[in-house]
Structures are given as structure tokens and as C-alpha cells.
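*Asks:* Model the following, please.
(2 chains)
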Amino acid sequence: MATEASSVGDVRAASLKKRSRPGEMVIHGSLFIAAAISIVTTIGIVYELGKEALLFFQSKDVTLGEFFSSTTWQPAILDFGIWPLVLATLMVSVIAMLVALPIGLATAIYLSEYASERWRGILKPILEVLAGIPTVVYGYFALTFMTPLLRSILGDGVVEIFNDASAGIVVGILIIPLVSSMAEDALHAVPMSLREAAHALGATKLETSLRVVLPAALSGIVAAFVVAISRAIGETMVVAIAAGAGPKNFTLGQDSLFGHILNPFVAGETMTGHIVRISGGDLSYDSIDYNSIFAIGLTLFLITLSLNMLSRRFVARFREVYE
Amino acid sequence: MMRRSFRLAAVLAVVMLIVAACAGGDSGTTTTASAPGETTSTSASAAQGDGMFPVVDPLDVAGDIVTAGSSTVFPLSEAMAARFEDEGYGGRITIDSIGSGAGFERFCEQGETDVANASRPIKDSEIESCRSIGREPIEFRVGTDALAVTVSPTNTFAADITFEELAVLFSTAVTWQDVRPDWPANPIQRFIPGTDSGTFDYFVEEVFDEDEAPILNAANLQLSEDDNVLVQGIEGDGCDPDNSATTCAVGFFGFAYYAENSGQLNVLAVEGVEPNAGNVDAGTYPLARPLFIYSTADIMKEKPQVGDFINFYLTYVNEEIIDVGYFPAPPDALEAAQQAWLEAMS
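*Replies:* Okay, here's the model as predicted:
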């Protein structure tokens, strides 16, 4: 036995330099390919988006200045101002976050700090069922349940049949599981010794949760928020069904700010919703309408990219390392 | 044991391959058998005398048919295809509802479809692009649509409208009062078909003299190629004439969608004329327009199933069209379509 063990040790020491392990190399290679696929795909998508968007901006019917300054989007008559679509997207996302953040975070705190192990085992899978519902179902839930509900509370005169508020609320419900499960993981990772120390100093359970555990897990929670915001901005099916089928064009100074431009209860098509509707009508490939959807796609991509970069910075700055 | 079951599986696979090959061969022979039978029968009846429209038996027809175009013609083509299949047609027929313009594009530019459905006549530019890919389109009139201008049932004040009022209603007006002074001051919301649809083109042509800008610049505008979205939007507008804060919606689309939802929508008389069969036949309803399908003689000869389907369409369309919600074409227009078919197939 002893000799065998020593010989194994010899082999291991020698293999560090010489012996190649074909099995190991195959695994190494396939893992590398798996990682490369997603990177290559991303590069391909960005290339394609950029190429088609460039075609759009090269057209004589549109300028970069008009794209970012005009407040009217109506491709059929060559009005290309991205703002109505961007505003609707931001509005839906903000409403979604207003719903998802408090509820998702509260759920995470409850699951991580208060729930007994048994309850946790029951509640977590149920929450994950929410994430498994197809988004098209959420879309009709917004149109046939949330909109009538908003109308019965606020009145038919206030809430239009298609509106950003009900789409936003439902997108919020849709991303609650995402927020709660990522935030809960972050809270759970906070070492027990911190909680014990807080209790020992006489803090109540609530004080421990909110003042000790929550700040300690802040970077993970922020990461969860940013993933959720990206998800809300990119969400397509719900807004295509419930948010409206036409860009909410406006004229600054002429339309009332809260009655029309920032009113969440009127119809306003988002960037993703517009891409879906326009491409549903079989556009011809060399038309400016077709190229315009790539410009919208690129804008969308840049928004989520900058959000992700911001969050990386934030996480790096506030990360607390224990152990 | 392992080896034996593997061998069994292999034998099974071979048997299945042979069966599949035979089945493929069988269907192949029926197609070829039916196709000459079809051509002989049509050429025979065509030879019998001009004006005699041959009768197609769908049981003898196989092979796929690809059609695309107007969302207005879609329900009619769908009904005809369903009847064609019920009576024994063995192939598969695709009908894409993508708007007349997109339908012509796929027919004339990509050349992917056998039949283009359209709710407006083909444009000269489209004929040119068709010719450039060697297609000479033939027009078949299949019916008449009345464009329905609708409001929600709780909109109790609007019952009729003039052309001038339509032009205001679908462009600059903010409230209904701007359209007609005795109407209440409820804001207007507009639900119209997408810019790729023949319905949109037709409305712009009739009401705005082919200028798209006024209607597309209108506020509170919702556009959709899906007519059900429009119906949903108008029906659910929450209009209350006594509460001027509520918006009252208006929209237009093919009559069939109104007919299908007549309980949930109110239709307006245009220039004092109600859209109904009598007025459309008499030609007095001003927003009535022809519905067409297009194909070419070459396609109809190369793919006999396409010629047979159009023949079947022209033979039975008047028995289905009322149920779908449209109106029969004038008898001479339908006769001209049958004549065009005979010429194409001769």
C-alpha cells in the first residue's frame, strides 16, 4: 500500500510537467468552445445590428440628428425620431421596477431571514412557477385583467384600453421571481457570524436584516436589480399585446407633460413592441422601414449594455468580501 | 440479447424506409395521374364551347398552393380553402395575411407565392416588377368589400358621417366636437389598419386623396395589421358621452370583421348610406371596393392545382361570401373573371 501511494505521488509530480491527459484536454476544449459560442454569437449579433443600422443612417431620408432629436416616429412618412419609443420603453421599465423591486426584495428578505426551512422549501418552487409562465400569457393577463382592474379603480376616462401602466405592472410581476431569487442568494451568502454578532449586540431581527444583512449583500442585490431592469427593457410579448400599437408621438411644449407625454395610462408603443408589429407585416428587405428596426435594436442594445457596465462598476465598488 | 434487438431495430428501420418510399411513390403517381386527367377535362370542356366554365372535383387535386396578401381577402380565401379541403383536396394550402402590398411583393419580387390576395387593383409599378421576373399577372375579381367605419356600442351620438367629417376625424380633430359641433367633447382615439394593408391605402385614397401624411400625423393613432387588435381597441374604449374625460374610439376595417363582431361594435352610415347588401349591390355605399386574387397563366398551367383552386374559387365564391361577411361581385365582373380563367388555361 505504502509503495503504491508513493508511486502515485511520483506520477502526479511528474505529470505536472510532462504527461498530457487527452481526456482533460477534450473537456478543456469543449468548455472553451461553450464559452466561445456565446461570445461569437454576441459579436455576430452586434455586427449584423451595426451593419443594418449603418444602412439606415446612410439613407438620405434620415440623419443622426433627427433620430435623436425628433419626437415623432412614423416610418411610412419618413419621420424617424426615436424618443416616443424610448420614452415608452423607459416608462414600462420604471413601472415594472417599482413593482418588482419592493416585492422582490421583501420576498427575498422573508425567504432568507424569516421563513423556516420548511416554508422556504415550499415557497421557493412556487415563486419559480411564476418564472415559468409564458410571457404571451402575461400579455393577455395585462390586457384582460390588469387593464380592467386599473379602469375600475381609476375610471374609464383615465385608463385607455392599451396602456403602458398595465403592461408595466405585469412586466413587474413577471420579473419578481428573478429579483427575489437572485437577491435571496445574495442575502443567504452573508456569513452567519454577522447576524450572530448583531444579535449579540442587542439588535432585533428586523434591525439585523435591514441594517446588517442587507448592506452586506448590497452588491449582489444591485446585480439582481440590473439584470431585472435589462429584462424589463427587453420584454417584448407583454408590451406587444397590452401597451399599444402605435408610437406615442408628441410635440414638446404643445402636448401636456403629464397629461400625454409621461402619462402611463395612455397607449404608447415600446421599442420592442414596435419591432414586433412592423416586422409582422412582411417588410421588404431594402425598405427604410426594415432598416429602421435595426437602428431601434441597436439603441436597445446600447441601453442595456451601458446598464450592465454601470452595474459592474457599482458591484466592484461596493463589493464586501467576507472570509 | 443486445445484438439481437439491435438487428430487429435495423430490420424494422429498413422496412419502414421501404414503406415510406412506396407511399411517396404512390402519392407521386396519383399526382401525375390526376394532373393529366385534369388538363384533359378542362381542355375538353373549353373545347366544347366558349364560356363553358369547367367543374373541378377537388378529390382529383393534389399538390401544395401558396397564397399571401390582403388581410381583408384572408377570411374569404380561408373559407374557400376550407371548402376545397372539405370536398377532398389532398394538398396543403397556405394563406398568409400580410397586407395587399406585401402580398404583391412576395408574388412579384420574390416570386414565392402562387396567388396574391389583394383588396385593391395591382399597381403599375407592381405589374412591372412582376414582368421583370417573368410573371404576367392575371386579375380575378372575387367579391366586394364595404369598408366599415365603426365606433363602440356605448358611443350613442355618432350614427352617420360625411367624407369631409371623416377627413377631419382621422387627422386633426382632438375631440368629437371638432368634427361636428353637436357631438360631445370626448377625445378621439383612432384604430386603423397598418400602412402595408390595402384597406389603409384604399381609405387614404378615398378620404385623403392619396396623401398619407394627415392620417399618420394624427394623435392617438393605433395601427395594426391584425384587425382583431383594432376590434378589441374600439370595443374597449370606455366611451361615455356624459363624461367628456373618457375617450371615444373610431376605426375602420373590412366589413367582415364588423360582421363578425356586430354585437360589440356600431357601424356608421357614410354620406347617409348604411353599409348593407342592398346599398353595396346598388353601388350607392361610397366606401365599397373590389376584392381580387391574382395569379399567372404559367403558374396555373405548371401547377394545375393552382388553376383548379382558382376555378373552384370562382365557381363557389358567391355561396360562401355572404357568410364571411362580404358582398358578391357584380355578375358581369365574376363572368369576366371566369373568362380570364378560360383564356389563361387555353
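*Asks:* ok, now how distant is residue B:245 from chain A?
*Replies:* Distance of residue B:245 to chain A, given as Cβ to the nearest Cβ, to the nearest Å: 3 Å. In short, each C-beta sits where N, CA and C put it, glycine included.
*Asks:* Secondary structure element holding that residue?
*Replies:* Residue B:245 belongs to no helix or strand when assigned by DSSP states H and E.
*Asks:* residues contacting it?
*Replies:* Counting by Cβ atoms under 8 Å, 6 or more residues apart in numbering or on different chains, residue B:245 touches A:155, A:157-158, B:186.
*Asks:* what about 7 Å?
*Replies:* By Cβ atoms under 7 Å, 6 or more residues apart in numbering or on different chains, the residues touching residue B:245 are residue A:157.
*Asks:* Next one: it, what pLDDT does it get?
*Replies:* At residue B:245, the model reports a pLDDT of 84.
*Asks:* before we move on, what about the one 4 residues further on?
*Replies:* At residue B:249 the predicted local distance difference test score is 92.
*Asks:* Any residues of the stretch 101-250 of chain A in contact with chain B? List them.
*Replies:* The stretch 101-250 of chain A comes close to chain B at residues A:151, A:156-157, A:160-162, A:244-246, as judged by Cβ under 7 Å from any Cβ of the partner chain.
*Asks:* From chain A, how far off is residue B:256?
*Replies:* Per Cβ to the nearest Cβ, residue B:256 is found 19 Å from chain A.
*Asks:* thinking residue B:255 is in contact with residue B:322, fair?
*Replies:* No. Assessed by Cβ atoms under 7 Å, residue B:255 is found out of contact with residue B:322, at 11.0 Å.
*Asks:* quick one: which of the two has more around it?
*Replies:* Between residue B:255 and residue B:322, residue B:255 has the larger neighbour count (other Cβ atoms under 10 Å in any protein chain shown), namely 26 against 13.
*Asks:* Test of understanding: give the bridge partners of the nearest residue to the more buried one once chain neighbours are set aside.
*Replies:* Distances taken as Cβ to Cβ, 6 or more residues apart in numbering or on different chains put residue B:146 closest to residue B:255, at 4.4 Å, once the chain neighbours are dropped. Beta-bridge pairing for residue B:146 (DSSP bridges): residue B:288.
*Asks:* Would you agree residue B:146 is in contact with residue B:286?
*Replies:* No. At 9.4 Å, residue B:146 does not count as touching residue B:286 under the criterion of Cβ under 7 Å.
*Asks:* And the two? Which one has more around it.
*Replies:* More crowded of residue B:146 and residue B:286, by other Cβ under 10 Å: residue B:146, with 27 against 18.
*Asks:* ok now do the more buried one, which residues does it touch?
*Replies:* Residue B:146 neighbours (Cβ under 7 Å, 6+ apart): B:255, B:275, B:280, B:285, B:287-288, B:327.
*Asks:* Could you rerun that using 8 Å?
*Replies:* Residues near residue B:146 by Cβ under 8 Å, 6+ apart: B:255, B:275, B:280, B:285, B:287-289, B:326-327.
*Asks:* Let's see if you can find the most crowded of those.
*Replies:* residue B:326 (28 neighbours).
*Asks:* Next, work out how far apart that residue and chain A are.
*Replies:* Residue B:326 is 22 Å from chain A, where distance means Cβ to the nearest Cβ.
*Asks:* Give me the neighbour count for the residue lying closest to residue B:225 once chain neighbours are set aside.
*Replies:* What sits nearest to residue B:225 in space, not counting adjacent residues and going by Cβ to Cβ, 6+ apart, is residue B:194, at 4.2 Å. Per other Cβ under 10 Å, the neighbour tally for residue B:194 reads 26.
*Asks:* what residue ranges in chain B are flagged as low confidence?
*Replies:* B:1-51 (pLDDT under 70).
*Asks:* Would you map the helices across the stretch 1-150 of chain A?
*Replies:* Ranges of helices in the stretch 1-150 of chain A, per DSSP state H, counting those that start in this stretch, are A:2-15, A:22-58, A:64-69, A:83-109, A:117-132, A:135-141, A:147-154.
*Asks:* Output the contacting helices and strands for the fifth one.
*Replies:* Using 3 or more Cβ pairs under 8 Å, 6 or more residues apart in numbering or on different chains; DSSP states H and E as the contact definition, the elements that helix A:117-132 packs against are helix A:164-188.
*Asks:* List the buried residues for the helix it packs on?
*Replies:* A:164-187 (16 or more other Cβ atoms under 10 Å in any protein chain shown).
*Asks:* got the contact list for the nearest residue to residue A:61 once chain neighbours are set aside?
*Replies:* Leaving out its chain neighbours, the residue that sits closest to residue A:61 by Cβ to Cβ, 6+ apart is residue A:78, at 4.8 Å. By Cβ under 8 Å, 6+ apart, the residues touching residue A:78 are A:61-62, A:288.
*Asks:* do residue B:73 as well
*Replies:* B:100, B:117-119, B:142, B:291-293.
*Asks:* What is the burial count for residue B:332?
*Replies:* 9.
*Asks:* Kindly report the same for residue B:128.
*Replies:* Residues near residue B:128, counting by other Cβ under 10 Å, number 10.
*Asks:* next one: residue B:312
*Replies:* Neighbour tally, residue B:312, other Cβ under 10 Å: 21.
*Asks:* Quick check, residue A:55 in contact with residue A:290.
*Replies:* No. Using Cβ atoms under 8 Å, residue A:55 is not in contact with residue A:290, being 9.2 Å away.
*Asks:* Let me see the domain layout of the chain.
*Replies:* If you meant another chain, say so; for now it's chain A. A:21-58, A:64-318 (automatic domain parsing).
*Asks:* Chain B was what I was after
*Replies:* B:38-144+B:289-345, B:146-288.
*Asks:* Residues of chain B that sit close to chain A?
*Replies:* B:68, B:96, B:98-99, B:102, B:105-106, B:109, B:189, B:194-197, B:212-213, B:216-217, B:219-226, B:229, B:232-233, B:236-240, B:243, B:245-247, B:249 (Cβ under 8 Å from any Cβ of the partner chain).
*Asks:* Residue of the stretch 1-150 of chain A closest to chain B, please.
*Replies:* In the stretch 1-150 of chain A, no residue comes nearer to chain B than residue A:76, which is 4.0 Å away by Cβ to the nearest Cβ.
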